[in-house]
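**Q** Mind folding the following:
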Amino acid sequence: MSTEDDIKVNIKADLVSAVNSNSYIEEVTKLGDKMDVVAGEDILTNTFHKLISAGTKIDSSFYERLIEHKLLKPIDRSLIASDAVNTDKMVAEASLLLARDPYFKKMFMKYHDLPVQIMRNVHLENVLALKMTIIKEAMPRLFKHSIQVALIAIYLGIRAGLHNKDLFKLAAAGVLHDLGELHINPELQNPEHRLDDDDWHQIYAHPFVGYLILKEFPYYHPHVSRIVLDHHEKVDGGGYPRGVKREEINPLGQILAVAEVAAGLMSKGLASEDIQAKIKLCQGEYERKYLGYLMDIFRTTSNGENSAIAHDLKTIDQKMSDVNYIINDWHHLLAKLNQQQQDQQLVHTVTDRLKYLHMKLVGTGFVPESAEEVYITLGDENDDWLLETGTIVDEAVFQIYKIIGEVKRRWPQHKDSHKTRTLGEYLSIWMHDTEKRIHTYH
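**A** The predicted structure is shown next:
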């Protein structure tokens with residue numbers, strides 16, 4: 001496992017180039033078409049040539065000039081937006097969610113104005129205000145998501161009995177946790193885009209990019225930056241970007257990771273029953289007590305909607321069979337590997353993830369090998385069973401896609417010099433067969 005310092009050095013160059021990337025400069029200049037964006041100081045090239053004078057209004061007409069040169073410092077350090085996101089705008093968005101969303105109403109029913117009071121303590125320095133303004137204007141769903149994550153993190157922190165100073169940290173980290181997504185290839189936001197190795201690297205690096213951005217501001221470092229760094233880590237070691245386990249994850253980062261999961265589920269428009277079923281499959285990946293606090297909300301809150309997922313017995317049966325086949329197929333692959341190949345960290349990772357996935361399925365009452373027996377016992381008239389089991393199997397398929405993504409992310413490590421079939425070839429065959437089997441469910 002690389003140390004944090006090692007990884008920071010490896011990603012640092014990516015951060016510098018990303019902040020002045022063409023795509024980011026394009027978003028910055030387009031913002032100037034919607035509101036006044038002014039150069040607060042002279043913008044210089046890396047050879048100290050004055051490119052734009054202080055006081056100049058920036059808009060999209062400056063894009064070509066800016067990308068023709070390497071800039072001395074990140075572009076957003078030199079700009080000021082007239083109508084930038086500030087505390088009042090974040091509180092307004094939070095208040096809207098608290099007033100309209102039944103889940104948030106339930107979360108804070110006993111806590112009255114406390115979440116708003118906490119949010120009022122989130123202050124943005126100029127550079128971060130500009131970044132959040134770009135997110136709000138160019139990626140409004142991400143802006144809403146950031147406020148959602150902040151509110152859920154506050155709720156979890158309150159339930160955990162944290163003091164206000166830690167709730168303030170969680171709120172700030174929630175608002176700022178996805179800053180790194182501003183500096184990845186915008187094509188990655190397109191669901192039609194097929195991810196290659198470089199794409200996976202950017203996705204898995206974005207918490208580090210956010211951490212490095214915040215590291216430049218003493219007001220946020222290290223008490224907020226470290227929470228942001230760990231917002232995709234899992235207590236079982238299956239997260240990213242560091243892949244560390246419980247004892248190495250920032251305690252508030254563990255809360256933010258659960259808030260991230262909850263916000264993602266809530267945004268899908270799922271019924272509370274569907275969300276509960278999906279949370280069950282997160283057992284072991286995240287701190288159990290925080291998942292329990294979420295279950296309290298989804299057990300007692302109803303949107304008045306019917307389930308968004310309609311399952312029939314035949315579909316569930318096919319998916320169950322495919323999940324079971326994929327897990328067994330991996331064990332057949334393991335039997336073909338030599339000892340050196342079996343000892344590779346990636347092989348251990350996939351084995352552990354599939355083993356744990358199987359254990360979670362069994363723990364929810366679904367045993368893949370005994371599906372037919374379960375049907376005989378319950379029959380297809382049990383709608384609740386069909387709904388919950390179907391949702392769980394859907395989530396199992398999604399988890400397998402995530403395992404495939406992890407293998408692809410670590411693809412350079414697959415190469416070896418064995419005279420027999422290489423580990424990379426074995427993994428390629430397994431991934432191809434797995435994707436072929438489940439592609440219709442994606």
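**Q** what stretches of the stretch 301-442 of the chain score poorly on pLDDT?
**A** Applying pLDDT under 70 to the stretch 301-442 of the chain flags residues 301-313, 363-388, 409-421, 441-442.
**Q** which ones are touching residue 298?
**A** For residue 298, the contact set (Cβ atoms under 8 Å, 6 or more residues apart in numbering) comprises 103, 272, 275-276, 279. (Glycine included, C-beta is placed from N, CA and C.)
**Q** wait, residue 84
**A** So residue 84 contacts 124, 126, 129-130, 132-133 (Cβ under 8 Å, 6+ apart).
**Q** Distance check, the nearest residue to it once chain neighbours are set aside against residue 122.
**A** Nearest non-adjacent residue to residue 84, counting by Cβ to Cβ, 6 or more residues apart in numbering: residue 129, 4.2 Å away. Distance, residue 129 to residue 122, by Cβ to Cβ, to the nearest Å: 11 Å.
**Q** Kindly report the same for residue 115.
**A** 11 Å.
**Q** Those two: which is more packed in?
**A** residue 115 (25 against 22; other Cβ atoms under 10 Å).
**Q** Mind telling me what element that one is part of?
**A** Using DSSP states H and E, residue 115 sits within helix 114-119.
**Q** before we move on, what about residue 99?
**A** Assigned by DSSP H and E, residue 99 falls in helix 87-100.
**Q** I would like the residues contacting that helix, please.
**A** 104-105, 108, 115-116, 119-120, 122-124, 136, 143-144, 147-148, 150-151, 175.
**Q** Please repeat the previous calculation with a cut-off of 6 Å.
**A** When contacts are defined by Cβ atoms under 6 Å, 6 or more residues apart in numbering, helix 87-100 is touched by residues 104, 116, 119-120, 123, 147, 151.
**Q** re the thing from before, alpha carbons of the helix holding residue 115, as PDB, please.
**A** Output of helix 114-119 as PDB, limited to C-alpha atoms (Å, rounded to 0.1, in the frame of the first residue of the first chain):
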ATOM      1  CA  LEU A 114     -30.200  23.200  14.100                       C
ATOM      2  CA  PRO A 115     -29.200  22.100  10.500                       C
ATOM      3  CA  VAL A 116     -29.700  25.700   9.300                       C
ATOM      4  CA  GLN A 117     -27.600  27.100  12.200                       C
ATOM      5  CA  ILE A 118     -24.900  24.600  11.300                       C
ATOM      6  CA  MET A 119     -25.000  25.500   7.600                       C
END
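**Q** Going by neighbour count, which residues of it are buried?
**A** Within helix 114-119, the residues scored as buried using 16 or more other Cβ atoms under 10 Å are 115-119.
**Q** next helix or strand past it?
**A** Criterion used, DSSP H and E; the element after helix 114-119 is helix 126-138.
**Q** Please name every helix or strand in contact with that next one.
**A** Judged by 3 or more Cβ pairs under 6 Å, 6 or more residues apart in numbering; DSSP states H and E, helix 126-138 is in contact with helix 22-31, helix 140-159.
**Q** Show me the least confident stretch of the ones you listed, going by mean pLDDT.
**A** The minimum mean pLDDT among the helices and strands packed on helix 126-138 belongs to helix 22-31 (a mean of 93).
**Q** Many thanks, we can stop here.
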